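Colleague: Sequence and predicted structure below; questions after.
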Amino acid sequence: MTALVDARGRPRVVVTGIGCVTPLGLDVASTWAALLAGRSAVGPITRFDASGYPTRFAAEVANLPELELPGRYARWSDPKATLAAVSAAEAMANAGLTRGDVDPFRFGVSVGAEASRPELHLVSERLAEFARTTPAEAYAAVDPKDFLVMGPSFPATLVAHLQGAQGPSLTTSTACTSSAQSVGDALRVLRRGDADVMLAGGTDRLVEELMLTGFGLLGALSTRNDDPAGASRPFDRTRDGFVLGEGAGFVVLERLDHALRRGATIHAELLGYGCSANAWRITDSPPDGRGARQSMQMALWDAGAHPEDVDYINAHGTSTQQNDLSETAGIKAALGEHARRVAVSSTKSMMGHLVAACGVVELIVCVQAIRSGVVPPTLNLHHPDLLCDLDYVPHVARELRVDLALTNAFGFGGSNGTLAVGRWDA
């Protein structure tokens, strides 16, 4: 008989639905196929004129379908919320759930997102327009929609409305760690018994002038304009920064008893979650990787697993000098000698950095690796860094049985999140 609780007596939580929109594809199947083929989605920016910027390339989502929103929501959306709604709908369909299949008061959402960022050219135009008006005229010209959709909680509001979720509604805004923590928080909600089903994920859209300006001034972006597809090169000694990306991802998480009762297809089991703060610097990770080590060790403890149980790690792997060094040190500290026997890869080398969405999209990558027995590669690793000396699965996908995978997300400001996901075996 299947145990419904884990060794600590907590309800077991399983993944029954997955959905994503990435620069590599508008769904899980196309994204996964591109990852295994080692295809890069990085190219010249087409959304606006980037010719005056030091970095002129990114990983854009192309051909996103128009989202038909019902009633009053028809005018209350923005691109990040649209990305969230599309990927959440795929996750629900993949789980075999439709609106009304779940007790709405036992169905919640947990979303990682950042506040919407205004496009610089539109801000300039609006300021110039306001300069020609009286204060009263300027006030009357403001559309309240612009204000209401700016907050980071709007994607969760929209997804909950579209899917009929009236249970817990959570928003996490911790930069690059946002969606990893949103999934971890959903896991805890389900273990507490506050819901039966949680739709957990994240969304972000970084290919905008403000992000290109801000991260460029921080020196965090690659400037390899002559070779965009080769620009994101995690763990390579010639790496010079990350690549802006955009996208969204969602997973349907269920208490095991609920999933079994409705006969759901179970993709994997979400086993553990760990989070920490570096308390170091806003833009850098500590050289000894202590924050990364702590989040990985906490995730393994939460999962009731040991370092030698880990088969694969989807690394945060941003292609910045300090992150890759710190993460490598953290993996070694968390896993000890076993670190050298673990396959580690960074899918940011192909789809860029999805920031608030990266954690959940990379969790979906881990779920797919468990299901398929193949792990995706790290592209552009041509010049190994002597201090980054683990098995990063260079260039080509690898067949590998994965029973337990970790995925890391580390954010600007020092937040860290690790999720542990394992093979489901009834």
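Modeller: Happy to help now that I have it. Numbers count the residues shown, from 1 in each chain.
Colleague: from here on, contacts and neighbour counts on C-alpha atoms
Modeller: Fine.
Colleague: most centrally placed residue in this protein?
Modeller: Relative to the mean C-alpha position of the chain, the nearest C-alpha, by CA atoms, centre = their mean, is the one of residue 358, at 2.2 Å.
Colleague: so who does that residue touch?
Modeller: The neighbours of residue 358, taking CA atoms under 8 Å, 6 or more residues apart in numbering as the test, are 176, 177, 179, 180, 202, 248, 409.
Colleague: Dump these to a markdown table, plus distance to residue 41 and pLDDT.
Modeller: Putting the contacts of residue 358 into a markdown table (distance: CA to CA, whole Å; pLDDT from 0 to 100) gives the following:
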| residue | distance to residue 41 | pLDDT |
| --- | --- | --- |
| 176 | 19 | 95 |
| 177 | 22 | 97 |
| 179 | 21 | 98 |
| 180 | 23 | 98 |
| 202 | 20 | 98 |
| 248 | 15 | 97 |
| 409 | 21 | 98 |
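Colleague: In ChimeraX, select just the buried ones from these.
Modeller: The buried residues among the contacts of residue 358 can be selected in ChimeraX (16 or more other CA atoms under 10 Å) with this line:
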select :176,177,179,180,202,248,409
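Colleague: just to revisit the earlier point, and what about the residue nearest to the centre of the chain, helix, strand or coil?
Modeller: Counting by DSSP: H, G, I helix; E, B strand; the rest coil, the backbone at residue 358 sits in helix.
Colleague: where's it relative to residue 178, distance?
Modeller: 8 Å (CA to CA, to the nearest Å).
Colleague: overlap in contacts of these two?
Modeller: Contact criterion CA under 8 Å, 6+ apart; residues shared by residue 358 and residue 178: residue 202.
Colleague: The stretch 251-400 of the chain: helices as residue ranges?
Modeller: Listed in chain order, the helices of the stretch 251-400 of the chain (DSSP state H, counting those that start in this stretch) span 256-261, 290-303, 321-335, 348-351, 358-372.
Colleague: Check the stretch 1-150 of the chain too.
Modeller: Secondary structure of the stretch 1-150 of the chain by DSSP H, counting those that start in this stretch: the helices cover 28-37, 79-94, 120-131, 135-141, 144-148.
Colleague: These: lowest mean pLDDT?
Modeller: Looking over the helices of the stretch 1-150 of the chain, mean pLDDT reaches its minimum on helix 120-131, with a mean of 59.
Colleague: From the contacts of residue 358, which land in strands?
Modeller: 202, 248, 409 (DSSP state E).
Colleague: which residues does the first one contact?
Modeller: To tie it back to what came earlier, the one meant is residue 202. Applying CA under 8 Å, 6+ apart to residue 202 gives the contacts 84, 111-113, 178-179, 182, 248-250, 356-360.
Colleague: quick one: which of the ones in strands among the contacts of residue 358 is nearest residue 377?
Modeller: residue 409 (17.8 Å; CA to CA).
Colleague: Surely that closest one is in contact with residue 359?
Modeller: Yes: the criterion here is CA atoms under 8 Å, and residue 409 meets it with residue 359 at 5.6 Å.
Colleague: can you list residues touching both of those two?
Modeller: In terms of CA under 8 Å, 6+ apart, residue 409 and residue 359 are both contacted by the residues 176, 177, 180.
Colleague: So which residues of this structure form strands?
Modeller: Using DSSP E, strands in the chain cover 13-21, 43-44, 57-58, 107-112, 169-172, 197-205, 246-255, 268-277, 312-314, 343-345, 374-375, 398-399, 404-410, 415-422.
Colleague: ranking the ones you listed by burial, who's on top?
Modeller: Of all those, strand 197-205 has the most neighbours on average by mean count of other CA atoms under 10 Å, namely a mean of 33.
Colleague: Tell me the strands beside that one, with direction?
Modeller: Strands adjacent to strand 197-205 in the sheet, as given by DSSP bridges, are strand 107-112 (parallel), strand 246-255 (antiparallel).
Colleague: Please render those strands as JSON lines that adds distance to residue 334 to the earlier fields.
Modeller: Formatted as JSON lines, the strands paired with strand 197-205 follow (distance: least, CA to CA, whole Å):
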{"stretch": "strand 107-112", "distance to residue 334": "26"}
{"stretch": "strand 246-255", "distance to residue 334": "27"}
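Colleague: Quick one: closest of those to residue 301.
Modeller: Ranking these by proximity to residue 301 (CA to CA) places strand 246-255 first, at 19.9 Å.
Colleague: Now do that closest one and helix 28-37, the angle between them.
Modeller: Strand 246-255 runs at 110 degrees relative to helix 28-37, counting by axes from the mean of the first three to the mean of the last three CA atoms, to 10 degrees.
Colleague: starting at the chain centroid, how far to strand 246-255?
Modeller: Distance of strand 246-255 from the chain centroid (CA atoms, centre = their mean, to the nearest Å) equals 9 Å.
Colleague: That one to helix 79-94, inter-axis angle?
Modeller: Angle, strand 246-255 to helix 79-94, by the same axes, to 10 degrees: 40 degrees.
Colleague: related to what we said a few turns ago, among the contacts of residue 358, give me the pair with the biggest separation.
Modeller: Greatest spatial distance among the contacts of residue 358 (CA to CA): 248 and 409, at 14.8 Å.
Colleague: which stretches of the stretch 251-400 of the chain have low pLDDT?
Modeller: In the predicted model of the stretch 251-400 of the chain, no residue satisfies pLDDT under 70.
Colleague: If we use 90, what do you get?
Modeller: Filtered on pLDDT under 90, the stretch 251-400 of the chain yields the residue ranges 279-286.
Colleague: Any chance you could list what contacts stretch 282-293?
Modeller: For stretch 282-293, using CA under 8 Å, 6+ apart, the contacting residues are 276-278, 280, 322-323, 325-331, 333-334, 408, 410, 412-414, 416-417.
Colleague: ok, 6 Å please
Modeller: The contact list for stretch 282-293, computed with CA atoms under 6 Å, 6 or more residues apart in numbering, reads 276, 278, 323, 326, 327, 329, 330, 333, 334, 412, 413.
Colleague: Output these as CSV; include the columns distance to residue 351.
Modeller: Formatted as CSV, those follow (distance: CA to CA, whole Å):
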residue, distance to residue 351
276, 26
278, 26
323, 17
326, 22
327, 19
329, 24
330, 24
333, 28
334, 27
412, 19
413, 23
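Colleague: who wins for neighbours among those residues?
Modeller: Neighbour tally across the contacts of stretch 282-293 (other CA atoms under 10 Å): the maximum, 29 neighbours, falls on residue 327.
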